[in-house]
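A.B. asks: sequence? don't have it. structure:
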């Protein structure tokens, strides 16, 4: 197996500590260097993963250590310059979701990758959830007919409450570094799903508010609605919901698909039947979920697999989808501020 040398630029996104072990499980992958301005995080990388080439600045890391790719787990604003610097040095990059803090920042990242002919992948944790993967496949294949509405609802009680470190929630709660609060952090999932399945909507409506947390610096709840001539998609986010909720609903003219905590449920009426408070006519069926194939079981595996085989990243994880998702989010923020619909 050809060796794959990996760098890590940014350690303040807590997801990094879950992804690095997945990289280590891939034959031939070696983590050869890391960069972060926080000394305790660099020390953690050294102790837990044996990385000795450590730097404060990503640019110094890229100049001093030869590698094949980089995992970017910085704040969303810092990720823009990191990807630009990596692309300029010929490094392929995997960025933990979402792509950036603003549509402008995402466009700079995409432009840099295109200019230097490097590859850029955006990692979405839901892309490796079998129930979500199958739901997206069925919706796109027309298994429930024309999908006229979808709801992607992502919620928990908040990053700090969820046990995130101060390194992580410190920038999540900073609109300059994150772009907003819950709207960017959690509406991003719905924005990516709608962009992957149907491209950018014609118009976007958005609302971001601090509805429950007192003296909170950013929005703790948000909605982003994509509007097409024949479809609406609601991306709903909350940092105050108890208990958590991370599921998707697709409404089609021939049936409904709903993920329910790792399961996928299909309901529909039979031909010539009408369902009106008719629980006996729902024809509720749990869909059997196949195992995800090798190369598509988690983000690190997919990144390395696609680079080694020169295959395209799956649609949900492409830079094109990541950019479109960021444009949808930015349009949602503009809509919230203006009170009007906005074209992404």
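C.D. replies: Happy to help now that I have it. From a predicted model like this one, the values you see are computed outputs, not experimental measurements.

A.B. asks: CA atoms for contacts and neighbours, from now on please.
C.D. replies: Fine.

A.B. asks: how far out from the middle of the chain is the least confident helix or strand in the chain by mean pLDDT?
C.D. replies: The weakest-scoring helix or strand in the chain, judged by mean pLDDT, DSSP states H and E, is strand 285-286 (a mean of 93). Offset of strand 285-286 from its chain centre (CA atoms, centre = their mean, to the nearest Å): 27 Å.

A.B. asks: Which elements pack onto that strand?
C.D. replies: strand 263-267 (3 or more CA pairs under 8 Å, 6 or more residues apart in numbering; DSSP states H and E).

A.B. asks: what pLDDT, on average, does the strand it packs on get?
C.D. replies: Average pLDDT, strand 263-267: 95.

A.B. asks: what's that strand packed up against?
C.D. replies: By 3+ CA pairs under 8 Å, 6+ apart, strand 263-267 packs against helix 130-141, strand 255-260, strand 285-286.

A.B. asks: If residue 286 is in a bridge, with which residues?
C.D. replies: Beta-bridge pairing for residue 286 (DSSP bridges): residue 265.

A.B. asks: Please list all residues in contact with it.
C.D. replies: 263-266 (CA atoms under 8 Å, 6 or more residues apart in numbering).

A.B. asks: Make JSON lines from those and add distance to residue 110 and neighbour count to it.
C.D. replies: Formatted as JSON lines, those follow (distance: CA to CA, whole Å; neighbours: other CA atoms under 10 Å):
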{"residue": "263", "distance to residue 110": "34", "neighbour count": "17"}
{"residue": "264", "distance to residue 110": "34", "neighbour count": "23"}
{"residue": "265", "distance to residue 110": "36", "neighbour count": "18"}
{"residue": "266", "distance to residue 110": "37", "neighbour count": "19"}
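
A.B. asks: if we can go back for a sec, for the helices and strands packed on strand 263-267, which one ends up most surrounded?
C.D. replies: Most buried of these, by mean neighbour count (mean count of other CA atoms under 10 Å): strand 255-260, with a mean of 21.

A.B. asks: That one pairs with which strands, and in what direction?
C.D. replies: With DSSP bridges as the test, strand 255-260 pairs up with strand 245-252 (antiparallel), strand 263-267 (antiparallel).
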